[in-house]
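Enquirer: Build me a model from this:
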Amino acid sequence: MSMILYSYWRSSCSWRVRIGLHLKQVEFKTVPVNLLEGEHQDTPHISRNALGQVPVLELGDGTQIRQSLAILDWLDRTHPLPPLFPSDPVAGATALSLAEIVNAGIQPLQNLAVLKAIEALGGDRTQWGREVIERGLQALAKHAKPTAGAFLVGDTVSIADLCLVPQLYNARRFGCDLSSVGLLTEIEARCNALPSFQAAHPDNQPDAK
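Expert: Coordinates of the predicted model:
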């Protein structure tokens with residue numbers, strides 16, 4: 001029985017996992033969870049993730065793994081080729097630290113729940129999102145510069161690149177100025193030329209609007 005990925009087509013966290021699954025050529029079935037219609041807060045999905053978040057990866061035996069980086073870590077341990085983490089300990093830590101700039105320092109501050117809270121407090125959700133994304137991407141570019149090659153860490157795709165591409169998609173949705181992060185957009189273009197990234201793109205998902 002193939003794995004099931006509970007996801008939303010434009011969720012950047014779901015997107016990271018899709019890239020990883022396609023990169024490692026792992027068979028899976030997508031089950032959409034509509035965030036805009038509140039399906040993530042309904043009982044079936046809350047039973048999978050008490051926070052009502054996506055993605056959730058369900059294995060063939062029914063085991064469920066939550067949170068995108070945890071899923072990708074499991075995927076790398078069970079399907080080691082091609083690796084998502086460089087074998088060199090420092091390079092591996094660097095890849096994870098770059099991924100965490102996105103995972104912990106940018107994406108949570110501009111996700112749907114936070115934007116709704118900002119708006120409820122009288123703030124401008126678009127301006128908020130634009131500012132946190134631009135600040136985070138500038139930090140990412142600065143810290144990636146010493147290690148970047150064709151990709152963020154050398155010349156091989158790593159977990160950092162899986163986080164980069166969805167975040168740049170979000171940046172454009174918020175109208176961010178990307179002129180100062182040319183290093184990131186150049187790497188993005190190389191990633192987007194790869195079949196695994198193309199297959200994982202939101203527009204190619206069954207629930208794409």
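Enquirer: what are the phi and psi values for His64?
Expert: Residue 64: Gln, not His. phi -120, psi 130 (degrees, to the nearest 10).
Enquirer: Please name the nearest non-neighbouring residue to it.
Expert: Glu58 (5.0 Å; Cβ to Cβ, 6 or more residues apart in numbering). Heads up, the C-betas are built off the backbone N, CA and C, glycines and all.
Enquirer: shouldn't the one you found be in contact with Ser7?
Expert: No - when contacts are counted by Cβ atoms under 8 Å, Glu58 is not listed as touching Ser7 (11.3 Å).
Enquirer: For those two, work out which one has more neighbours and name it.
Expert: Ser7 (26 against 19; other Cβ atoms under 10 Å).
Enquirer: quick one, what contacts that one?
Expert: Residues in contact with Ser7 (Cβ atoms under 8 Å, 6 or more residues apart in numbering) are Ser14, Val17, Arg18, Thr30, Val31, Pro32, Val33, Val54, Pro55, Gln205.
Enquirer: Next up, the contacts around the second one.
Expert: If a contact means Cβ under 8 Å, 6+ apart, then Val17 has Leu5, Ser7, Pro55, Leu57, Ser68, Ile71, Leu72, Leu75 as its contacts.
Enquirer: ok, now with 7 Å
Expert: Applying Cβ atoms under 7 Å, 6 or more residues apart in numbering, we find Val17 in contact with Leu5, Pro55, Leu57, Ser68, Ile71, Leu72.
Enquirer: I'd like to know how many residues surround Leu115.
Expert: So Leu115, with other Cβ under 10 Å, has 18 neighbours.
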